[in-house]
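Asker: I'll drop the sequence and a predicted model, then ask my questions.
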Amino acid sequence: MPLYKKTEEANFSIGVWKIEEDLSFFEELFHGHPDISSEKKRLQWFASRHLANLMLGQPDTIVNDDTGKPNFKNSPINISLSHTIGYAAVIISKQFAVGIDIEAVHPKVERIAHKFLRDDEINSIPADEKAAKLMLYWSAKESLFKLYGWGALEFKTQLLIEPFTMGQSGELKADIVTPHLPLKNLGVHYEFFDGHIATYVALI
């Protein structure tokens with residue numbers, strides 16, 4: 001289908017694509033195909049690249065730098081992309097570093113929460129909000145990690161999010177704690193929709 005949602009801000013643009021096409025639809029649009037064995041993962045990969053090209057306004061190739069951060073091969077525009085079952089998401093900016101993430105909300109996140117949150121943070125979450133709020137924390141930290149772009153961050157101790165009351169959408173305040181490039185009071189925006197959570201952040 002066409003774009004599920006598009007948001008134009010002064011300093012960046014965001015697009016979300018609902019993946020309803022077959023794999024063959026995307027394969028015909030790209031000369032190079034990824035070495036990904038899972039058909040579902042290949043479909044998501046293609047959808048995110050197709051959305052990136054639509055937002056750029058012309059075909060381009062996305063390449064990863066030494067840290068794994070994606071970049072347009074022939075354009076200086078900053079980009080971050082994410083995909084999950086059913087959706088792809090992209091954020092682009094001419095001037096600023098950006099990060100985006102999209103996830104399906106699922107209780108399985110509770111099994112790995114200790115890897116990205118302190119015990120007191122986990123224990124403070126009400127039982128009826130557990131899966132959604134843990135997934136919001138995880139997605140927000142994924143967006144922050146992508147914004148940072150240099151890899152080698154410990155999610156639990158270096159990506160810090162201030163306590164918050166969760167809504168359907170909103171903004172979280174966060175810090176990236178590193179010795180050489182600390183980033184303070186970043187605004188991570190989020191929105192729940194259709195059983196998913198999307199987060200994004202721009203270094204403005």
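Answerer: Received it, and whenever you're ready, just let me know what you need. Numbering: from 1, shown residues only.
Asker: ok, the nearest residue to residue 40 once chain neighbours are set aside - contacts?
Answerer: Distances taken as C-beta to C-beta, 6 or more residues apart in numbering place residue 85 nearest to residue 40, at 6.6 Å, with adjacent residues excluded. Every C-beta, even on glycine, is put in place using the N, C-alpha and C of the backbone. Residue 85 makes contact with 40, 44, 104, according to C-beta atoms under 8 Å, 6 or more residues apart in numbering.
Asker: reformat those as CSV; add distance to residue 11 and neighbour count.
Answerer: Output for the contacts of residue 85, formatted as CSV (distance: C-beta to C-beta, whole Å; neighbours: other C-beta atoms under 10 Å):
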residue, distance to residue 11, neighbour count
40, 33, 13
44, 27, 23
104, 28, 15
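Asker: among those residues, name the ones in helices.
Answerer: Members of these lying in helices (criterion: DSSP state H): 40, 44.
Asker: nearest to residue 149, of the contacts of residue 85?
Answerer: residue 44 (21.5 Å; C-beta to C-beta).
Asker: quick one: pLDDT of that closest one?
Answerer: What the model reports for residue 44 is a pLDDT of 96.
Asker: beta partners for the residue nearest to it when sequence neighbours are not counted?
Answerer: Nearest residue to residue 44 in three dimensions, chain neighbours excluded: residue 83, at 3.7 Å (C-beta to C-beta, 6+ apart). Judged by DSSP bridges, the bridge partners of residue 83 are residue 88.
Asker: one step back: and which of the contacts of residue 85 is nearest residue 76?
Answerer: Ranked by distance to residue 76 (C-beta to C-beta), the contacts of residue 85 are led by residue 44 at 26.0 Å.
Asker: separation between that closest one and residue 120?
Answerer: Here residue 44 is placed at a distance of 35 Å from residue 120 (C-beta to C-beta, to the nearest Å).
Asker: and if you look at residue 40?
Answerer: 37 Å.
Asker: quick one: buried residues of stretch 147-154?
Answerer: For stretch 147-154, a neighbour-count test (16 or more other C-beta atoms under 10 Å) marks 147, 148, 149, 153 as buried.
Asker: bridged to the residue nearest to residue 142 when sequence neighbours are not counted, which residues?
Answerer: Leaving aside its sequence neighbours, residue 142 sits nearest to residue 101 (C-beta to C-beta, 6+ apart; 3.9 Å). Bridge pairing for residue 101 (DSSP bridges) gives the partners residue 199.
Asker: is it true that residue 101 touches residue 199?
Answerer: Yes: at 5.2 Å, residue 101 and residue 199 qualify as touching, with contact defined as C-beta atoms under 8 Å.
Asker: how many neighbours does the nearest residue to residue 97 once chain neighbours are set aside have?
Answerer: Distances taken as C-beta to C-beta, 6+ apart place residue 203 nearest to residue 97, at 4.3 Å, with adjacent residues excluded. With neighbours defined by other C-beta atoms under 10 Å, the count for residue 203 comes to 17.
Asker: relative to residue 28, how far out is residue 203?
Answerer: For residue 203, the distance to residue 28 - C-beta to C-beta - is 36 Å.
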